[in-house]
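> coordinates only, no sequence provided:
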């Protein structure tokens, strides 16, 4: 039985061009970018070239790219760094949405619990959309940062970030706006100006790059206070010797993702629609989640009554389908999705299934996956005594 990988929202395979580009930096090219000799200068040039590539894909200036260890660090740097840098002057109030990735939501709650910030969590509708007007109403004179993700990692809903940013600044013209765009690179158009944001988080391994590298794009002049101090790398914004191989790979991956974005998004949308239709026929009671009119290309999400997520994923794994319940950071635990709970799914929040397609997904794989999901649901429901439809 051929395996079918449908968990690209968790991580993507390394693109062959990316692998070829980064391999020399794992071997014969090993200089430290901070060294002044030839090997160090070569490494510095490679990091600078990668920064230019990431900046072009993200729609920003090269000097606005801060390399990090991934999306989680980028989100933490945005929230903690902005609060530390601008909080004493502008206030300690944060506004985030209830459907944020844990890297934002847990960080914001941790800051509030330790009395370093005050927090307002804005809800969403049944499709996971955040109302810009509600965000605007939550902003106060002492609000220092608003953070709403561009594309949700669990249900794929795409937020109207430009409208959210506009509404936030009506209430407070000085408020800074951050968006977690980790899922969006290579699937949606980016850009600080176009989105109306001041800070934007990225991760390489969601776009066929290496794991362990990402970036926070910070509009020039609003750089957050560094959370890692030491040697002063990344222009004193994130100390620590750069992960040269990872950064080189990130640069190549970002360039490829942007060049292929339009064609790949169209094909992923077509395949995702086909998969959704097949599952509607194969699985009684399955319900798609997220906004059907504004969703991330290639991401299909459902609630499956009678199927606890962890049990369904275990059976799917036996049948050769790699899937998840939502965030890969927590899908190993039998817990309900906080995103689906915020969307009002109640007990069904523990019955989530996410199938995320990617660059290598074929129509044949989609057909096979639908059949195997149907078989897995039947087996799980039989074992739990859920009544047949």
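It's in. If you're wondering where the values come from, they're calculated on a predicted model, not measured in any experiment.

> after the helix or strand of the chain with the lowest mean pLDDT, which helix or strand is next?
The helix or strand of the chain with the poorest confidence is helix 233-236; it has a mean of 92 (mean pLDDT, DSSP states H and E). Note on helix 233-236: by DSSP states H and E, the next helix or strand toward the C-terminus is helix 244-282.

> who does the next helix or strand after that next one pair up with?
Remark: after helix 244-282, the chain's next helix or strand is strand 287-288, criterion DSSP H and E. Within its sheet, strand 287-288 is paired with strand 299-303 (antiparallel), according to DSSP bridges.

> may I see the buried residues of the least confident helix or strand of the chain?
Neighbour counts over helix 233-236 (16 or more other CB atoms under 10 Å) mark 233, 234 as buried. C-betas here are computed from N, CA, C, even on glycine.

> could you list the residues in contact with it?
With contacts defined as CB atoms under 8 Å, 6 or more residues apart in numbering, helix 233-236 is touched by 33, 34, 63, 66, 67, 226, 239, 240, 241, 242.

> out of those, who's nearest residue 318?
Proximity to residue 318 was ranked across these by CB to CB; first place goes to residue 67, at 39.4 Å.

> ok so the closest one is a strand residue?
Yes: according to DSSP: H, G, I helix; E, B strand; the rest coil, residue 67 belongs to a strand.

> I'd assumed residue 53 was in contact with it.
No: judged on CB atoms under 8 Å, residue 67 makes no contact with residue 53 at a distance of 11.9 Å.

> higher neighbour count, the two?
residue 67 (27 against 21; other CB atoms under 10 Å).

> ok, the more buried one - contacts?
Counted by CB under 8 Å, 6+ apart, residue 67 has contacts 47, 51, 213, 214, 215, 234, 238, 242, 243, 247, 250.

> and it, what are its bridge partners?
Beta-bridge partners recorded for residue 67 (DSSP bridges): residue 215.

> and residue 83, how many residues sit next to it?
24.

> how much space between the spatially closest residue to it that is not a sequence neighbour and residue 342?
Spatially, and ignoring its direct neighbours in sequence, residue 83 is nearest to residue 117 (5.7 Å; CB to CB, 6 or more residues apart in numbering). Distance, residue 117 to residue 342, by CB to CB, to the nearest Å: 20 Å.

> same check, this time on residue 220
34 Å.

> what do you get for residue 241?
According to CB to CB, residue 241 and residue 342 sit 39 Å apart.

> the more surrounded of those two?
For the pair residue 241 and residue 342, the greater number of neighbours falls to residue 342 (22 against 13), based on other CB under 10 Å.

> contacting residues for that one?
When contacts are taken as CB under 8 Å, 6+ apart, residue 342 is in contact with 98, 99, 123, 124, 128.

> same check, this time on residue 137
Here residue 137 is in contact with residue 171 (CB under 8 Å, 6+ apart).

> now it: which helix or strand?
In this assignment (DSSP H and E), residue 137 forms part of helix 132-138.

> can you give me the buried ones in that helix?
Neighbour counts using 16+ other CB under 10 Å place 132, 134, 135, 136, 138 of helix 132-138 among the buried residues.

> stretch 336-345 now?
For stretch 336-345, burial by neighbour count (16+ other CB under 10 Å) applies to 336, 337, 338, 339, 340, 341, 342, 343, 345.

> what's the distance between residue 279 and residue 35?
54 Å.

> any idea how this structure splits into domains?
Taking automatic domain parsing as the criterion, the chain consists of the domains 4-12+261-384, 16-256.

> which of the ones you listed has the lowest average pLDDT?
Among these, domain 4-12+261-384 has the lowest mean pLDDT, at a mean of 93.

> show the end-to-end separation of it, please.
End-to-end span of domain 4-12+261-384 (CA to CA, to the nearest Å): 26 Å.

> who touches stretch 225-232?
If you take CB under 8 Å, 6+ apart as the criterion, stretch 225-232 is touched by 34, 76-77, 80-82, 84-85, 236-241.

> mind listing what's buried along that stretch?
Under the neighbour-count criterion of 16+ other CB under 10 Å, stretch 225-232 has 226, 227 buried.

> go on, stretch 114-129?
Residues 117, 118, 119, 120, 121, 122, 124, 127, 128, 129 are the ones in stretch 114-129 that count as buried (16+ other CB under 10 Å).

> nearest to residue 17 among these?
Within these, the smallest distance to residue 17 is 33.9 Å, found for residue 128 (CB to CB).
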